[in-house]
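Asker: what shape does this take:
(4 chains, ligands or ions: 4)
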Amino acid sequence: MNDLLMMTGIVKEFPGVRALDGVDLDVRAGEVHCLLGQNGAGKSTLIRVLTGAHQPDAGAISINGEQVQLNSPTAAIQRGIAAIYQELDLVPELSVAENIFLGHEPSRFGFSRRHEATARAREILQGLGHGEIPAHRSVGSLPAAGQQVVSMARALSREAHLIVMDEPSAVLDPEEVANLFRVIRGLTARGVAVVYISHRLEEIRQIGDRVTVLKDGATVATGLDARATPTKELIRLMTGRSIEYVFPPRREILSTAPVVLEVEDLTRPGEFAGIGFTVRAGEIVGLAGLVGSGRSEVLETVYGARRAATGSVRVDGVPLRPGRVQAAVKAGVGLAPEERKSQALLLDEAVFKNITVSSMGRFASGGFLNGRAEREAAAQLTTALDVRPAGVEYPVRNLSGGNQQKVVLARWLLRECRVLLLDEPTRGVDVGARSEIYALIRNLSANGVAIVLVSSEVEEVLGLADRVVVLREGRAVHIGPAQDIDEHQVLDLVMEGSAV
Amino acid sequence: MTVEDGARPPEQTASTQATVTPPAAQRSTGLMHSGVGRNLGLVVALVLLCIVGVITAGHTFATGANVLTILRLAAVIGVVSIGMTFVITGGGIDLSVGAMVALASVWATTLATQQLASDLHWIFMVTTALVVGAACGLVNGLLIAYGKVVPFIATLAMLAAARGLAEIISDRKTQIITVNSFVDFFGGSLLGVPVLVWIFLLVAAAGWVLLNRTTFGRRTFAVGGNSEAARLAGIKVQRHTVALYVLAGLCCGIAAVMLMARTTTGSSTHGQLYELDAIAAVVIGGTLLSGGRGTIVGTVFGVLIFTTLNNVFTLNNLSISAQSVAKGAIIVIAVLLQQRLAARATSQ
Amino acid sequence: MTVEDGARPPEQTASTQATVTPPAAQRSTGLMHSGVGRNLGLVVALVLLCIVGVITAGHTFATGANVLTILRLAAVIGVVSIGMTFVITGGGIDLSVGAMVALASVWATTLATQQLASDLHWIFMVTTALVVGAACGLVNGLLIAYGKVVPFIATLAMLAAARGLAEIISDRKTQIITVNSFVDFFGGSLLGVPVLVWIFLLVAAAGWVLLNRTTFGRRTFAVGGNSEAARLAGIKVQRHTVALYVLAGLCCGIAAVMLMARTTTGSSTHGQLYELDAIAAVVIGGTLLSGGRGTIVGTVFGVLIFTTLNNVFTLNNLSISAQSVAKGAIIVIAVLLQQRLAARATSQ
Amino acid sequence: TSNTPKAEESDNAPAPQAVAAGKNDEPGQKVRIGFSAPAADHGWMGAITKATQAEAKKYSDVELIVAEGTNDVNLQISQVETFINQKVDAIVLLPFDGAALTPVATKAMEAGITVVNVDREFDSPFAARTTILGDNHGMGVSAGTYICQQLKDKKDAVVAEIAGIDSLPLTQDRSKGFKEALADCGLKVSNRVAAEFTVESGEKAAANLLQAAPKIDAIWNHDDDQGVGVMAAIKNSGRKEFFVVGGAGSANVMRDIKSGNSLLKATVIYPSTQGADGVRLARLLVQKKALGDLVEVEVPRTVQLYAPVVTKDNVDQYMPTAFES
Ligand SMILES: Nc1ncnc2c1ncn2[C@@H]1O[C@H](COP(=O)(O)OP(=O)(O)OP(=O)(O)O)[C@@H](O)[C@H]1O
Ligand SMILES: Nc1ncnc2c1ncn2[C@@H]1O[C@H](COP(=O)(O)OP(=O)(O)OP(=O)(O)O)[C@@H](O)[C@H]1O
Ligand SMILES: [Mg+2]
Ligand SMILES: [Mg+2]
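Answerer: Numbering: from 1, shown residues only, chains lettered A, B, ... in the order given. Ligands and ions are numbered 1, 2, ... in the order given. Down below sits the predicted model:
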């Protein structure tokens, strides 16, 4: 018994919500301890209590058998606890190196030693397999995945005994995840403990040692063997029910179905070139590719959020005015963007306002809004997607990460779109809600909506899409029916770009 | 399309309806609380001020005439502050309000305009003021939305330019209004309440409805809260931004008309430092300077607190410098009070 | 939010702005470019202004004496603006700078202080001014960091209170400095350059080093850019915020000393509207009003542009009203220029 | 008291007039007076309020209510309204803008309150019972005349002007008078800058002016408080080829003139005791007393104060009324 960390009976209340209601967690040195739970179960809150970001209302924390009071992030850092938070907590204006060493900058007499910082940052990034990220570039200009790497580097830059990782793999593609696991194994080999949170159960099996399951703010199981415990059992513990975690059956797309979306020769220098594909009514086209292959850029360009250098986008045969979101929206195109916090959510607004913001016209007469109708429509969706807490008046800021994602999705489900562009729609969403989202997407396509789906989980792309476009370094290297290709072939394609 | 069809079997939802979630009823009272709580501190601050007023100058403070005096004073800056609330909620700021008031008042009282007004109808003076205000607002809005000039700088430039223009037009002379029908109408009363106060009430009510009950208001929050998200949600962010500044300019035009009626003059020195007064009222009312959160009711309270403070000071014959110090202290106390009470109300 | 987005070129707003991993070398020249480019527009604006000055008033404008006049004028507001740059970069704002200058100047020129100074050393006057400035800043900082009063309101309150206090202490009299050693030292020159200009240069240089080369500076960016991230990284955000306001207060103390030397007086009317001037200089220099991005060099340029503008106006005997209009137009032009040039420099 | 510049001497030297004034000074019916003036953002305006308060203190039967100084006419109107609500006996009003305060002053008069208008004139005779004015135009004329006298032989003399707040009508009046007087002797204003009545703005304006004009023969500076800054700038520039005429008449300046070793050779008085006189007249009006040295039994409608030039020769005469700014 060498418990590095013991948390017992942790309670944390927010106005109106008891996020943690007696959680127990024990972590041993050198192990990867996985934390499972549905969206809103309280995982992130527990982590924030552990890192001193939140003060618990009750409960005890001891480290190496010694009772401690973690009343500030500094206190936790001094105890050797480092974290990668779910919401990337970086300073966009500062450089990569500065972010990594924020709070413990190499310095002499208060003067920062920038060369040392840059050198050490490079070292750490190299160790993470990302020597290509320039240490002096401002973090705000990195893509989400790059920022995630910086977050990791920052956690590693502290001499920590315990590193907490809150959904680090959400923005990573399979190759990156493998790389992450390599790093984690290196850490545990040195006796560092890792608390690992993810909604992808296969990852738990690959990297985890023991599992603790949270449900509704309480520990429902702890010390489970990460490899031996059956998936069914884990899901039952998390959700209180058993879910068949499968993709809904595929329907036949009629070749007579009209082409709704036509993308032709779309190019943005430096991002992607010569992208062309079509989507029929009721069809789902999946974009596969590594992080940085330009999938998000393609979607945003189709949507008009970026202006294409060349090429055209047509909806129902009518060309869209390039670089105009308005034109796309008017033509019935919707985009659920990749970064929910900065691109999608109005954090201080109520859930229902976030959901109806793109369909306000429907609830307004003469510019006046019918608040009741809005709330009802929103409530219907949040119930369908199992957003917790269930009230539509709740400010989105206070929702857990996964639930925020569901709110974004609900916005576009509400809007009657002809074309729906979904960028990582299930990022951070728990297994239960995930299968519900799959069903919803299928349902939409069954009703004639043309869907373009971007996901870093190849399994998801293949499971949902009718046709797959594989991108590599901004070029389409393969377009074809999803049935004709398997996961390995896709992975080969995204990395090599050679023939199947 | 088919969201409704998309909903899955009902039992599934029911079974996952978790226990963490408090019942809907409970939450809605919580929200009620925070709704009141948001302004509770302001109400308390205002009531405290009134109590001080009654104790120290009861015989005059608590009279109807004095209340009307306070309201009349509040009316002009109040209307400006309503416009400012929109701009700030939408993530901007407008330093040019005072200058716009001055320019509108000067333009609406030029000989030519007054001639037109006395020949035909005073409505021409009013229209001139409103158009001038709105036009200045339009320039602000275009510079900010399409020229990408930061609001602080664009409106600071407008401040300088509009006041300079007002001076040039008026040749730095105070222009006296000779159109009696104008003065009679706006200087008069309706049901015992001055027309100016009615205008303030109307503008505040219209502002409240616009901000809280219309798509325009909803978009304002969205644009101010996260303009990128608003853009991707299909809102015409730039056009909306322009509209917000035009609205603020329009409010300045209305305020100019009110000030013209009150002073029977148009002058390039009207509206000095209104930008600070208005922003202070808006911010003390609880609107976030960074945008995305705004409250008309709070702004009205903010204006009333400042004007009542002035009134109580005048009644009490405090030394002028001491007034200044006291004002600083009272502002801080009001904000601290507001915070503590709001926090308590929300946490209940 | 709009504030910053407004300033950015459109491509940058789209979140995942990047090219397919350009090589590091290429990116680093890009950075160089943007480093120069960031101030290129300001340089061009200043040069244009100077060209106008030379053309319209060549015989007087381009003289060494006139350059020194401009620098002397820039010095006081320049020092204030350096302090303001820190506060704004750290995500705050300080409206009380002018009032703090006034209070510090008054306190440092009371009979008692001057007596002490003439008996012992003028350093006592300087110390008094610095301590008063820093103390006011401390109050601001404590109210904002620990009292959680929004900076706008807290410093607005300080504005009222400090000016009122200055009036009480001075009894609204202009306090004339009789300590000759003080006036001689600060009014003098060193190597042909006025001491005041030296002080400005020193403060600017120290500010640059502090902001760009020390952990304090890095943390200022962090606190202003994402205060929650800074807190989670173990930075004592509240303490840092207090330090920023103390720094601004200290700069006001220095500015007070400079103003005392220039006018040989202390007065409660010193420093009027410095808040607007300083914020304008800082913002035109490229510091983000919403925090997280700040540049001392830009601020210095901002200050120089405004002072040169005034100088050129005066040399040309322009009427004040016309100056006002022209000023508005020139500010906008400078910003637009700056933007276009910066955008081009970055996109290359 | 009378409307001559010597009026205030009666306070310091209880000489002949004291008999008449003394009678008036006897405590009578209690008088509540409201006083409102623009913001004390410069020395002269601060001195006005101070002198007014000091004067009121001298009378046991006067209660003075002072409102916060403001440059917002809206607020000043409301202050007068508050005085009306308080049912004061008299209001001494130095309006930020005379025309703008006329309606509310008229309202006060209609409510039976005696209004005494100070310094900046209303545009209706019904708005005030009595008006006390400085002579802004006369100030300019006096300054211009003095400069003409001093430069009588130099036809191409360079005369510069440092005005006060340029957006105020009073500044316009002063400049107009100055220009007219200079024109009489064939001179003109070669360089004109405007400051804001504060020391700091004076220094700034003067520093720029000295650059703009490499050679100057005379400078008229409208306001002595900003003059402190002007003199500081001049000292800094090390220039000595000209002389300076001040305005308003602060004690500092008078001491400078008296010392004789300053470039400041003269100043034109603009009395800062107008508010104080206003209080006195308001008291007399309410108590229905007459003005001491006049035969007339009513207080006059208008009292315009004189704008004499103070030089080394006559400075002692004016020292007592000078304001400490
Ligand atoms: N600051 C806050 N204020 C109010 N409620 C909060 C706050 N933070 C979290 N909550 C609530 O606490 C509960 C737990 O949230 P938490 O973020 O810990 O969930 P999670 O398990 O991390 O979910 P996910 O998998 O979606 O990230 C949620 O119901 C959430 O709405
Ligand atoms: N690890 C990295 N370091 C630096 N830059 C990167 C990295 N990964 C990607 N980029 C840059 O980001 C750009 C776009 O990345 P982005 O993540 O938006 O692409 P994506 O295909 O949409 O992937 P995702 O699924 O993560 O959204 C790429 O063109 C590349 O220049
Ligand atoms: Mg979470
Ligand atoms: Mg992407």
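
Asker: excluding chain neighbours, what is closest to residue 46?
Answerer: Picking chain A for this. A:Val23 (5.6 Å; Cβ to Cβ, 6 or more residues apart in numbering or on different chains). Heads up, the C-betas are built off the backbone N, CA and C, glycines and all.

Asker: hm, I was asking about chain D
Answerer: Closest residue to D:Gly46 apart from its sequence neighbours, by Cβ to Cβ, 6+ apart: C:Arg172 at 3.5 Å.

Asker: next one: phi and psi at A:Val23?
Answerer: The phi/psi pair for A:Val23 (degrees, to the nearest 10) reads phi -100, psi 140.

Asker: so how many other residues sit close to it?
Answerer: Counted by other Cβ atoms under 10 Å in any protein chain shown, the residues lying close to A:Val23 total 28.

Asker: how near is it to A:Val32?
Answerer: Using Cβ to Cβ, to the nearest Å, we find A:Val23 at a distance of 19 Å from A:Val32.

Asker: report the contact partners of the residue nearest to A:Ala29 when sequence neighbours are not counted.
Answerer: Distances taken as Cβ to Cβ, 6+ apart place A:Leu4 nearest to A:Ala29, at 4.5 Å, with adjacent residues excluded. By Cβ atoms under 8 Å, 6 or more residues apart in numbering or on different chains, the contact list for A:Leu4 reads A:27-29, A:63-64, A:161-162, A:193.

Asker: can you show me the helices along the stretch 201-325 of chain D?
Answerer: D:224-237, D:251-259, D:274-286, D:315-318 (DSSP state H, counting those that start in this stretch).

Asker: and A:Val469, which of those is closest to it?
Answerer: Minimum separation from A:Val469 across those (Cβ to Cβ) falls at helix D:224-237, 73.0 Å.

Asker: isn't there a strand covering B:Leu247?
Answerer: No - assignment of B:Leu247 by DSSP: H, G, I helix; E, B strand; the rest coil gives helix, placing it outside any strand.

Asker: count of residues packed around it?
Answerer: 25.

Asker: what's the pLDDT at it?
Answerer: Confidence at B:Leu247, expressed as pLDDT, is 98.

Asker: the residue lying closest to it once chain neighbours are set aside: how many residues sit nearby?
Answerer: Closest residue to B:Leu247 apart from its sequence neighbours, by Cβ to Cβ, 6+ apart: B:Phe86 at 5.3 Å. Here the count is done by other Cβ under 10 Å, and B:Phe86 has 28 residues near it.

Asker: and D:Gln226, by the same measure?
Answerer: 37.

Asker: what kind of secondary structure is the spatially closest residue to A:Glu203 that is not a sequence neighbour in?
Answerer: In space, and not counting its chain neighbours, A:Glu203 is closest to A:Ser169: 6.0 Å by Cβ to Cβ, 6+ apart. When classified by three-state DSSP, A:Ser169 comes out as coil.

Asker: and the gap between A:Ser169 and A:Glu487?
Answerer: From A:Ser169 to A:Glu487 the distance is 17 Å (Cβ to Cβ).

Asker: my read is that A:Leu320 contacts A:Arg307, right?
Answerer: No - using Cβ atoms under 8 Å, A:Leu320 is not in contact with A:Arg307; the gap is 11.2 Å.

Asker: can you pick out the residue with more neighbours from those two?
Answerer: A count of neighbours by other Cβ under 10 Å puts A:Leu320 above the other of A:Leu320 and A:Arg307, at 22 against 14.

Asker: the residue nearest to A:Leu46 contacts A:Lys215, correct?
Answerer: No - applying Cβ under 8 Å as the test, A:Val23 and A:Lys215 come out as separate, 10.3 Å apart.

Asker: residues touching the closest residue in space to B:Gln114 that isn't next to it in sequence, list them.
Answerer: Distances taken as Cβ to Cβ, 6+ apart place B:Val179 nearest to B:Gln114, at 5.5 Å, with adjacent residues excluded. Applying Cβ under 8 Å, 6+ apart to B:Val179 gives the contacts B:114, B:117-118, B:122, B:125.

Asker: out of those residues, who has the most neighbours?
Answerer: Neighbour max across the contacts of B:Val179 (other Cβ under 10 Å) = B:Met125, 29 neighbours.

Asker: ok now the strand or helix carrying that residue, how far from the chain's centre?
Answerer: Counting by DSSP states H and E, the element that carries B:Met125 is helix B:123-145. Centroid separation for helix B:123-145 versus its chain: 17 Å, with Cα atoms, centre = their mean, to the nearest Å.

Asker: after that helix, next one along is what?
Answerer: helix B:151-170.

Asker: count the neighbours of residue 80 for me.
Answerer: The chain I'm using is chain A. By other Cβ under 10 Å, 17 other residues sit near A:Gly80.

Asker: meant chain D actually
Answerer: For D:Val80, using other Cβ under 10 Å, the count is 26.

Asker: you'd agree it is up against D:Thr106?
Answerer: No - at 10.4 Å, D:Val80 does not count as touching D:Thr106 under the criterion of Cβ under 8 Å.

Asker: which ones are touching the residue in chain B that ligand 4 sits nearest to?
Answerer: Closest residue of chain B to ligand 4, Cβ to the ion: B:Leu232 (13.8 Å). By Cβ under 8 Å, 6+ apart, the residues touching B:Leu232 are A:303, A:305, A:325, A:335, A:337, A:343-344.

Asker: so for it, what's the pLDDT?
Answerer: 91.

Asker: give me phi/psi at it?
Answerer: phi -70, psi -20.

Asker: same check, this time on A:Met152
Answerer: Main-chain torsions, A:Met152, degrees, to the nearest 10: phi -60, psi -50.

Asker: what's near enough to touch it?
Answerer: A:84, A:128, A:165, A:168, A:180, A:183.

Asker: re earlier: A:Ser169 and A:Glu487: which is more packed in?
Answerer: For A:Ser169 and A:Glu487, the more surrounded residue by other Cβ under 10 Å is A:Ser169, and the numbers stand at 23 against 15.

Asker: these two touch, right, that one and A:Leu201?
Answerer: No - checked against Cβ under 8 Å, the pair A:Ser169 and A:Leu201 is beyond contact range at 11.9 Å.

Asker: how much space separates D:Gln172 from A:Ala193?
Answerer: 80 Å.

Asker: who's more crowded, those two?
Answerer: A:Ala193 (24 against 18).

Asker: which residues does the more buried one bridge with?
Answerer: A:Leu162 (DSSP bridges).

Asker: OK, contacts around A:Gly334?
Answerer: Counting by Cβ under 8 Å, 6+ apart, the residues that A:Gly334 touches are A:358, A:412, A:415, A:417, A:419-421.

Asker: for chain D, give me the ranges with low pLDDT.
Answerer: Scanning chain D for pLDDT under 70 picks out the ranges D:1-22.

Asker: in it, what residue is nearest chain A?
Answerer: Closest residue of chain D to chain A, Cβ to the nearest Cβ: D:Asn74 (32.8 Å).

Asker: could you look up the SS state of the residue in the stretch 51-200 of chain D that ligand 2 sits nearest to?
Answerer: Relative to ligand 2, the nearest point of the stretch 51-200 of chain D is D:Glu200 (52.3 Å; Cβ to the nearest ligand atom). Three-state call for D:Glu200 (three-state DSSP): helix.

Asker: what pLDDT does the residue lying closest to it once chain neighbours are set aside get?
Answerer: By the measure of Cβ to Cβ, 6+ apart, the closest residue to D:Glu200 outside its immediate chain neighbours is C:His270, 5.2 Å from it. Here, the pLDDT recorded for C:His270 equals 91.
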